[in-house]
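[1] what's the 3D shape of this:
(one chain, ligands or ions: 2)
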Amino acid sequence: PRCYALVPAAGSGSRAGLAGPKQYHRLAGRRVIDHTLAALTAVPALVGVAVVLAPDDPTPLGDGERVRAWRVGGATRAESVFNGLQALASAGARAHDWVLVHDAARCLVRPADIAALIEACRDDPVGGLLAMPLADTLKDGASDGRVEHTLPREGKWLAQTPQMFRLGALRAALQRHQASGFAGITDEASAIEHAGARPRLVRGHAQNIKVTYPEDFAVAEALLQAGAA
Ligand code: CTP
Ligand code: MG
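    Ligands and ions are numbered 1, 2, ... in the order given. The predicted model follows:
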């Protein structure tokens with residue numbers, strides 16, 4: 001089976017508070033998405049990178065041999081991924097091929113961690129995801145803004161991307177949630193879990209943050225300037 005990357009990049013970045021979508025914000029001289037695509041194309045095991053853009057996004061992207069852009073973004077991240085999987089399949093990817101879904105907004109992912117995920121999962125029956133053991137203490141908060149209780153941290157992980165699953169299995173798992181508008185499906189692994197399988201957790205790196213809030217951009221820029229990725 002071959003390995004493809006699928007990059008959802010059809011969001012508006014509302015929490016970032018920028019003038020335009022965060023994937024086009026410049027950090028250390030390059031757009032966020034260009035940093036992301038550079039990390040993915042640095043992984044020789046990935047034969048192609050499919051980027052999902054919003055249907056009305058005129059940004060030129062993906063003229064490279066291994067990078068193709070599809071303007072099939074949906075209303076939610078899960079819908080964008082689902083549509084991207086269809087596009088990949090119509091472009092010739094097979095049901096048993098692996099797809100590594102990676103957020104455009106995770107521009108600090110290290111090629112070595114992507115390669116390690118592929119190595120850990122390519123003989124796995126299910127697939128898996130990069131994740132980090134939780135470092136902070138986890139509180140269950142009530143609607144009155146006070147702590148309900150403290151949850152045990154042991155065994156808790158923060159999910160990152162890439163998340164690597166078979167194209168056919170992921171498409172089928174997501175399809176089950178299409179009618180509900182993909183409610184509650186915030187990553188690929190959650191869809192796979194609902195379908196009854198147990199994804200492998202592969203320890204990534206704390207640097208693989210998703211730029212989300214305004215304050216994340218300064219951190220990302222400093223790391224990129226320092227050549228951390
Ligand atoms: N994404 C997408 N299609 C959507 C929503 C999100 O392809 N309908 C992509 C984003 O472009 C991003 C990734 O999914 O690369 C992770 O989503 P998130 O960090 O939530 O980005 P946004 O949805 O753009 O930001 P926000 O939620 O703050 O509006
Ligand atoms: Mg979002």
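[2] List, one by one, the residues from this protein near ligand 1.
    Contact residues, the chain versus ligand 1 (C-beta under 6 Å from any ligand atom): 8-16, 23, 52, 73-77, 80, 103-105, 210, 212. C-beta coordinates here come from the backbone N, C-alpha and C atoms, glycine included.
[3] what residues are up against the residue of the chain at minimum distance from ligand 1?
    Closest to ligand 1 within the chain is Gly11: 2.1 Å, counting by C-beta to the nearest ligand atom. Listed by C-beta atoms under 8 Å, 6 or more residues apart in numbering, the contact set of Gly11 reads Pro21, Lys22, Gln23, Gly73, Arg77, Ser80, Ala104, Ala105.
[4] And for Leu6, the neighbour number?
    28 (other C-beta atoms under 10 Å).
[5] so what's the backbone phi/psi at Ala105?
    phi -80, psi 0 (degrees, to the nearest 10).
[6] how much space between it and Arg26?
    Using C-beta to C-beta, to the nearest Å, Ala105 is found at 14 Å from Arg26.
[7] Compare the two (neighbour count), which wins?
    When neighbours are counted by other C-beta under 10 Å, Ala105 comes out ahead of the other of Ala105 and Arg26, with 26 against 12.
[8] quick check, Ala50 in a helix?
    No: Ala50: not assigned to a helix; according to DSSP: H, G, I helix; E, B strand; the rest coil it is strand.
[9] which residues touch it?
    Ala50 touches Tyr4, Ala5, Leu6, Val7, Arg68, Ala69, Trp70, Gly84, Ala87, Leu88, Ala91, counting by C-beta under 8 Å, 6+ apart.
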